[in-house]
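Trainee: Curious how this folds, go ahead:
(one chain, ligands or ions: 1)
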Amino acid sequence: MRVVIVGASGRMGLAITRASLEFPEVMIVGAIDRADSKLLGQDIGLAAGIAAIGTRVSSDLAAALADADVMIDFSSAAITRQNLELCQAAGVAALIGTTGLDADFESLAAGAALHIPVLIAANTSLGVTLLAELVRLAAAALPPDFDIEIVEAHHRHKQDAPSGTALALGRAAARGRELLSDVGGVRSGGGARVSNEIGYAVLRGGDVVGDHTVAFLGAGERVSLSHQATDRAIFARGALRAARFLCGKPAGRYKMGEVIGLKTIS
Ligand code: NAD
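Mentor: Modelled structure (predicted):
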């Protein structure tokens, strides 16, 4: 499986390179980052702290895709649109883990999925994929007077807020409760809670890899469903599993739930 990593010099790009040791079928044939990346020209294996793999960090995604089966994108929302268009032109499957995507990205993804396999996952961990399904089930089972609030914490460098994972958990809850949308946002200012909204609370600091709790707050009782990530390797392994799942699939949209074999997919 010939993989191109976009955002190769970043925290996730390097974690995916390290995790590739656990996937003997994976060949990293492209390691793409910004033209001003400090790692440009360096062997990505050495940069990630493993043995040299013979692939150097470059900024030419189109050239790398000419010789690839799947792109794994953990870079920046500013570039993801262009990356997906290049995948479509090259006929290469696309796994997009980058978060903070524009609202209109969905229509671009739907168009690309007519030509190539596409999977967009704000969280590629096994645990969060399962959590989203548990949240959907809890939201469907509990009566509407249980208010739904989502709390998340991440490291101080994270760009987007609330996290893509928090928003995906909100969508899972909204689907479970059959809300038309996951209306709500980060709380600020006063005023009483609006019924049927989903509220988000955000913490940023330190080196937190990613904590998420979905709370169902009823009269006299509370149910909380939580996930704590302590090691980026979980996202990296999940990304490589998802890439392996996409290889050879027909064009279309796929979900992380399918990658881990969940019977019902949220
Ligand atoms: P990071 O800042 O450490 O790495 C991002 C990399 O992308 C950097 O090396 C940067 O130079 C590169 N980049 C930025 N703009 C680029 C461009 N125009 N062309 C090429 N490369 C470019 O960030 P990170 O912690 O590795 O996270 C990357 C993304 O992945 C973020 O959106 C983050 O929220 C997301 N993420 C997703 C998951 C998941 O499970 N899906 C898990 C962790 C992080």
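
Trainee: Pull the number of nearby residues for the closest residue to the ligand within the stretch 151-266 of the chain.
Mentor: Residue of the stretch 151-266 of the chain nearest the ligand, by CB to the nearest ligand atom: F235 (3.7 Å). No exception for glycine: its C-beta is placed from N, CA and C like everyone else's. F235 has 26 neighbours, counted by other CB atoms under 10 Å.

Trainee: count of neighbours near whatever residue of the chain ends up closest to the ligand?
Mentor: Residue nearest to the ligand within the chain (CB to the nearest ligand atom): G10, separated by 1.9 Å. Using other CB under 10 Å, the number of residues around G10 comes to 19.

Trainee: what comes into contact with the one helix or strand the residue of the stretch 151-266 of the chain closest to the ligand maps to?
Mentor: Following DSSP states H and E, one finds F235 within helix 233-246. Applying CB atoms under 8 Å, 6 or more residues apart in numbering, the external contacts of helix 233-246 come out as 1, 3, 12, 15-16, 18-20, 22-23, 25-26, 70, 72, 74, 93-95, 97, 117, 119, 121, 123-127, 129, 229, 254, 256, 258-260.

Trainee: Up against the ligand, what does this protein have?
Mentor: 6-7, 9-13, 32-34, 37, 74-76, 79, 97-100, 121-124, 235 (CB under 6 Å from any ligand atom).

Trainee: Can I have the buried ones of those residues as a ChimeraX selection?
Mentor: Buried subset of the residues of the chain next to the ligand, written as a ChimeraX selection, criterion 16 or more other CB atoms under 10 Å:
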select :6,7,9,10,12,13,32,33,34,37,74,75,76,79,97,98,99,100,121,122,123,124,235
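
Trainee: Please enumerate the helices of the chain.
Mentor: 11-19, 44-47, 61-65, 77-90, 105-112, 126-141, 164-177, 233-246, 256-259 (DSSP state H).

Trainee: Pull up the gap between the residue in the chain sticking out farthest from the centre and F146, please.
Mentor: Computed with CA atoms, centre = their mean, the residue of the chain farthest from its C-alpha average is G220, at 35.1 Å. According to CB to CB, to the nearest Å, G220 and F146 sit 11 Å apart.

Trainee: Same check on R175?
Mentor: 16 Å.

Trainee: and Q88, what does it touch?
Mentor: Per CB under 8 Å, 6+ apart, neighbours of Q88: A94, G111, A112, H115, I116.

Trainee: how does it look with 6 Å?
Mentor: By CB atoms under 6 Å, 6 or more residues apart in numbering, the contact set of Q88 is A112, H115, I116.

Trainee: what's the answer for E22, then?
Mentor: Contacts of E22 by CB under 6 Å, 6+ apart: none found.

Trainee: Next one: it relative to T165, how far apart?
Mentor: 23 Å.

Trainee: before we move on, back to that, excluding sequence neighbours, find me the nearest residue to the residue of the chain closest to the ligand.
Mentor: Closest residue to G10 apart from its sequence neighbours, by CB to CB, 6 or more residues apart in numbering: F74 at 6.4 Å.

Trainee: so that neighbour makes contact with G97?
Mentor: Yes - F74 is in contact with G97 according to CB atoms under 6 Å; the separation is 4.5 Å.

Trainee: per-domain residue ranges of the protein.
Mentor: 2-120+232-259, 126-229 (automatic domain parsing).

Trainee: Quote the end-to-end distance of the shortest one.
Mentor: Domain 126-229 has an end-to-end distance of 11 Å (criterion: CA to CA, to the nearest Å).

Trainee: Show me the contact partners of stretch 160-178.
Mentor: 99-100, 122-123, 128, 132, 135-136, 139-140, 148, 150, 152, 154, 182, 198, 200, 202, 212, 214, 266.

Trainee: Of the residues you listed, just the buried ones, ChimeraX syntax please.
Mentor: Here is the ChimeraX command that selects the buried residues among these (16+ other CB under 10 Å):
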select :99,100,122,123,128,132,135,136,139,148,150,152,154,182,198,200,202,212,214,266
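
Trainee: Thanks a lot, see you next time.
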